[in-house]
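>>> Mind looking at a prediction? Sequence and model below.
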Amino acid sequence: MPAPTQFLKYIDSNTDAFIKRLGDAVAIPSISSDPTHRKDVFAMADWLNEQLKQLGVDTKLVDLGRHIMDGEDLPLPPAILGRVGNDSAKKTVLIYGHFDVQPAEKSDGWNTEPFTLVVNKETGQLIGRGSTDDKGPILGWLNVLQYHHENKLPLPVNLVLCFEGMEESGSEGLDDLVRRESEKGGYFDGVDCVCISDNYWLNTRTPVLTYGLRGLSYYKVTVSGPGRDLHSGVFGRTVHEPMTDLISLLGTLVTPQGDILIKGVDEMVAPPDEEEKKIYANLDYSIADVEEAAGASIALSSDKVAVLMGRMRSPSLSIHGIEGAFSAAGAKTVIPAKVSGRFSIRLVPPQTPEKIKPLVVNHLQKAFATLGSKNKLTVEELHGGKPWVADHRHWNFEAAKKATKAVYGQDPDLTREGGSIPVTLTFAESLGVNVLLLPMGRGDDGAHSTNEKLDISNFIEGSKLLGTYLYELADIQK
Ligand SMILES: NCC(=O)N[C@@H](Cc1c[nH]cn1)C(=O)O
Ligand SMILES: [Zn+2]
Ligand SMILES: [Zn+2]
């Protein structure tokens, strides 16, 4: 069933109001990884819950308990569950999204205030933290709901909503909720399929449907020794320096070409055969796409297939930062007493955080032993998630293909995503249903980066896509 023309027109004619609502959402700095912003994640949950109620959604906030973050005992933001329609003749679709965001400060290199949505009519971009990850897509669903609510029209399917505020920090507390509510009589009982809009096209031209995500295993490695920070003139070359040890350790993890040096990690993944390589060769993608999105000519290879495989079907190890290091202006001559490096490994099948952790810990302990340092080493796993791959021949994907063709006039590419959404596999396993990733934004949106943006056309056509997908789902043969 095609989406009603009235629906498509409604989305177009309400563009300004939809952008205004996205501005209100972006203005709440709901950074889940920063304890000082935890109240804002709660405020964001309240704001979203209020919006949903105004659009006729029957909602409930679920308390997910507490957790320890950087030694601080904090309340977890609630998950928002919602329901629209309960018609046994219709399919039931579970929609997931997250209302927390990555940290952002103007001083990181933003051209504008990150939590003020800037509408650039010249470039057609909406710039602000969360615009594409993941407030824009969540608000896309709200736009669809608004049309049906205002026009007193039933949705073509029953909707079950699950929105969380901890995705960017490991989705703490959510797995238990999903498992519990997937049981008979639970909130998610009867769900036929799942749709998640929380990733990106490969380029700036071709819509995609995504059937795979990498998992994640995130580590903090700390080296400590001196009782306090020391003067490098007084103590340089007289004591073991934690920073020197840490840099040596981090240098043993990965080569500049991206090969992982922790024994057993790369080796766990079978090489691709020629048929699989053809899948990557056929995707609409070029080295120019990755370099434009990265903002520099720095691709690891000039071979498109190698670059795509690096993102979609290989593990990768990235070093994210060093805590305790001197980083201010000037030339402080300090030997820091305690420094922590943070790095993570993106995982692909058959890797899991449980299989990877012993390899990482063993590698770091051995490498530290070879330094002959009298400092102390500790290794912590901060959080993890398993990789996920779905069947893209399923009717859930077929409906999304039809919807993409209807809205964008072109067939979508089928991709695996390099990022991680830990709860995806939990939905697939607990509910035993197909999960589809239906992204709204483009490959150059800069999620997690400075000047994150969502193109107005992607916000508007993407809202049409989400609605059209529901109409196509209603019709499709199970
Ligand atoms: N849009 C999905 C996304 O960005 N997911 C994060 C998840 C994560 C885990 N730890 C910190 N963030 C990702 O980095 O892939
Ligand atoms: Zn996201
Ligand atoms: Zn993200």
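The structure has been received and is ready for your questions. Ligands and ions are numbered 1, 2, ... in the order given.
>>> beta partners for the residue in the stretch 251-400 of the chain positioned nearest to ligand 2?
Going by Cβ to the ion, ligand 2 is nearest to G385 of the stretch 251-400 of the chain, at 12.5 Å. Placement of C-beta: from N, CA and C, glycine included. When bridges are called by DSSP bridges, G385 pairs up with L216.
>>> so who does it touch?
170-171, 215-216, 353, 420-422, 425 (Cβ atoms under 8 Å, 6 or more residues apart in numbering).
>>> change it to 6 Å
By Cβ atoms under 6 Å, 6 or more residues apart in numbering, the residues touching G385 are 215-216, 420, 422.
>>> right, is stretch 154-169 up against ligand 1?
Yes. Where contact is defined by Cβ under 6 Å from any ligand atom, part of stretch 154-169 touches ligand 1, namely 167-168.
>>> That stretch - what's its average pLDDT?
Mean per-residue pLDDT for stretch 154-169: 97.
>>> got the contact list for it?
Stretch 154-169 is contacted by residues 32-33, 41, 45, 77, 79-86, 90-100, 102, 148, 172, 174, 191, 470-471, 473-474 when judged by Cβ under 6 Å, 6+ apart.
>>> what do you get for stretch 300-312?
Applying Cβ under 6 Å, 6+ apart, the external contacts of stretch 300-312 come out as 258, 277, 280-281, 285, 287, 290, 299, 416, 418.
>>> try 10 Å
Counting contacts by Cβ atoms under 10 Å, 6 or more residues apart in numbering, the residues outside stretch 300-312 that touch it are 202, 210, 212-214, 256-258, 271-272, 276-283, 285-291, 299, 314, 316, 346, 348, 415-419.
>>> P78 and R38 touch, don't they?
No. Under the criterion of Cβ atoms under 10 Å, P78 is not in contact with R38, lying 12.0 Å apart.
>>> all strands of the stretch 101-250 of the chain, in order?
The residue ranges that make up the strands of the stretch 101-250 of the chain, judged by DSSP state E, counting those that start in this stretch, are 118-120, 125-127, 158-164, 193-196, 208-213, 215-224, 230-231.
>>> same deal with the stretch 301-450 of the chain?
Chain-ordered strands for the stretch 301-450 of the chain, with DSSP E, counting those that start in this stretch as the definition, fall at 316-323, 334-335, 338-347, 376-385, 388-389, 413-417, 434-437.
>>> Kindly compare burial across those strands and name the winner.
Among the strands of the stretch 301-450 of the chain, strand 434-437 has the highest mean neighbour count (mean count of other Cβ atoms under 10 Å), at a mean of 24.
>>> so what's K278 up against?
If you count contacts by Cβ under 10 Å, 6+ apart, K278 has them with 272, 305.
>>> how about low-confidence regions in the stretch 201-350 of the chain?
By pLDDT under 70, the stretch 201-350 of the chain contains no weakly predicted segment.
>>> how about the residues of it near ligand 1?
Selection of the stretch 201-350 of the chain residues close to ligand 1 by Cβ under 6 Å from any ligand atom yields 216, 218.
>>> So out of everything in the stretch 201-350 of the chain, what residue is nearest ligand 1?
For the stretch 201-350 of the chain, the residue positioned closest to ligand 1 under Cβ to the nearest ligand atom is L216, at a distance of 5.2 Å.
>>> Which residue comes closest to G225 once chain neighbours are left out?
Counting by Cβ to Cβ, 6 or more residues apart in numbering, N375 is the residue found nearest to G225 once chain neighbours are left out, at 3.6 Å.
>>> Around the one you found, count how many other residues there are.
Other residues lying near N375 total 21 when counted by other Cβ atoms under 10 Å.
>>> Make 7 the starting number, not 1.
Got it, the first residue is 7 from now on, which makes the last one we talked about N381.
>>> So which of the contacts of G391 wins on neighbours?
S426 (26 neighbours).
>>> And Y291, how far from G425?
Remark: distance between Y291 and G425 (Cβ to Cβ, to the nearest Å) = 16 Å.
>>> ok, these two, which is more surrounded?
Each of Y291 and G425 has its neighbours counted (other Cβ under 10 Å); Y291 has more, 23 against 16.
>>> hey, where'd the helices end up in the protein?
In the chain, the helices defined using DSSP state H lie at 11-19, 21-32, 44-60, 141-156, 180-187, 238-241, 248-256, 280-287, 293-300, 310-318, 359-377, 401-414, 429-437, 462-481.
>>> interface residues of the stretch 57-206 of the chain facing ligand 1?
Counting by Cβ under 6 Å from any ligand atom, the residues of the stretch 57-206 of the chain close to ligand 1 are 139-140, 173-174, 176, 204-205.
>>> Let me know how buried the residue nearest to D265 when sequence neighbours are not counted is, in neighbour terms.
Nearest in space to D265, with sequence neighbours left out and distances taken as Cβ to Cβ, 6+ apart, is D272 at 6.5 Å. Burial measure for D272: 17 neighbouring residues, criterion other Cβ under 10 Å.
>>> my read: D272 touches S320, true?
Yes. Under the criterion of Cβ under 10 Å, D272 makes contact with S320 at 7.6 Å.
>>> what do the two both touch?
Counting by Cβ under 10 Å, 6+ apart, the common neighbours of D272 and S320 are 264-266.
>>> Can you say which of these are buried?
A residue is treated as buried here by neighbour count (16 or more other Cβ atoms under 10 Å); on that basis the buried members of the shared contacts of D272 and S320 are I266.
>>> Now the phi/psi pair for the closest residue to ligand 2 within the stretch 157-306 of the chain, please.
Using Cβ to the ion, the closest approach of the stretch 157-306 of the chain to ligand 2 is made by D204 at 4.2 Å. Backbone torsions of D204, given as degrees, to the nearest 10, read phi -160, psi 40.
>>> which residue sits closest to it, ignoring its sequence neighbours?
In space, D204 is closest to D140, 4.7 Å off (Cβ to Cβ, 6+ apart).
>>> same deal with I74?
Of all residues apart from its sequence neighbours, L80 sits closest to I74 (Cβ to Cβ, 6+ apart), at 7.5 Å.
>>> just A287 next, same as before
V311 (5.4 Å).
>>> what's the burial count for that neighbour?
One way to gauge burial is a neighbour count; for V311, by other Cβ under 10 Å, it gives 18.
>>> got a pLDDT number for L67?
Reported pLDDT at L67 in the predicted model: 98.
>>> Please apply the same query to P428.
Note on P428: pLDDT of 89.
>>> now it: how far from D309?
As judged by Cβ to Cβ, P428 and D309 stand 31 Å apart.
>>> ok, which residues in the stretch 7-156 of the chain are in contact with ligand 2?
139-140 (Cβ under 5 Å from the ion).
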